[in-house]
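S.K.: generate a structure from the sequence data that follows.
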Amino acid sequence: MELRPELLEQYRPALDRAVGLLAIRARSRREIEQRLLRAGYDEEVVSMVLYKLEREKLLDDEDFSVQWVESRKRKYGSTRIAMELRMKGVDPETAEAALACCSEEDELETAAALARRKIKSDRDSCDRRKLFQRVTAFLVRRGYSWDIAKKAFEEALEEPSGDDW
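M.R.: The predicted structure follows:
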């Protein structure tokens, strides 16, 4: 298969652009593909660049997913992280495998720490019922399940403080 000269001219700049994007942060295959297509590179050139990056182990959705989970699990629940990975074009099986490192206990611990901070900032402004609603809604928006949000709220309240509810 012989490539047209204009495609060969596009190849090096497209590869440089993709490597530059990967130098900023890890990205999924689909993210790189979309960025190159949006920049106006031909689909054949984009396919060649993706092939080259995967062959050189610079582009790997499994590795990207693990890195993404590690960087996000301290602030967000597995539901939100899984949604973010889907939006970035990672297939569900790969996302699920990357999320396997997040145990329910770890997620509960992180959610409880977030709940403690939220309770500390909102405690004076409302009663227990309203505080429960605010904190659990906050945690659910962060991607924690309803059960984990409830448990985290209760666990956060168990921490000794000067107030009694």
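S.K.: and Ile32, how far from Pro5?
M.R.: From Ile32 across to Pro5, the span is 24 Å (C-beta to C-beta, to the nearest Å). C-beta here means a position set from N, CA and C on the backbone, and glycine is covered the same way.
S.K.: what does Ala137 give?
M.R.: As for Ala137, its distance to Pro5 is 58 Å (criterion: C-beta to C-beta).
S.K.: before we move on, the earlier item: higher neighbour count, Ile32 and Pro5?
M.R.: Each of Ile32 and Pro5 has its neighbours counted (other C-beta atoms under 10 Å); Ile32 has more, 24 against 8.
S.K.: give me the element that one is part of.
M.R.: When elements are assigned from DSSP states H and E, Ile32 belongs to helix 29-38.
S.K.: ok, and what's touching the helix or strand of the chain with the lowest mean pLDDT?
M.R.: Here the helix or strand of the chain ranked lowest by mean pLDDT, DSSP states H and E is helix 104-122, holding a mean of 90. Contacts with helix 104-122, where a contact means C-beta atoms under 8 Å, 6 or more residues apart in numbering, come from 73-75, 77-78, 131, 134-135, 138-139, 142, 144, 148-149, 151-153, 155-157, 159.
S.K.: please redo it, this time with the cut-off set to 7 Å
M.R.: Residues outside helix 104-122 that contact it (C-beta atoms under 7 Å, 6 or more residues apart in numbering) are 73-74, 77-78, 131, 134-135, 138-139, 142, 144, 148-149, 151-153, 155-156, 159.
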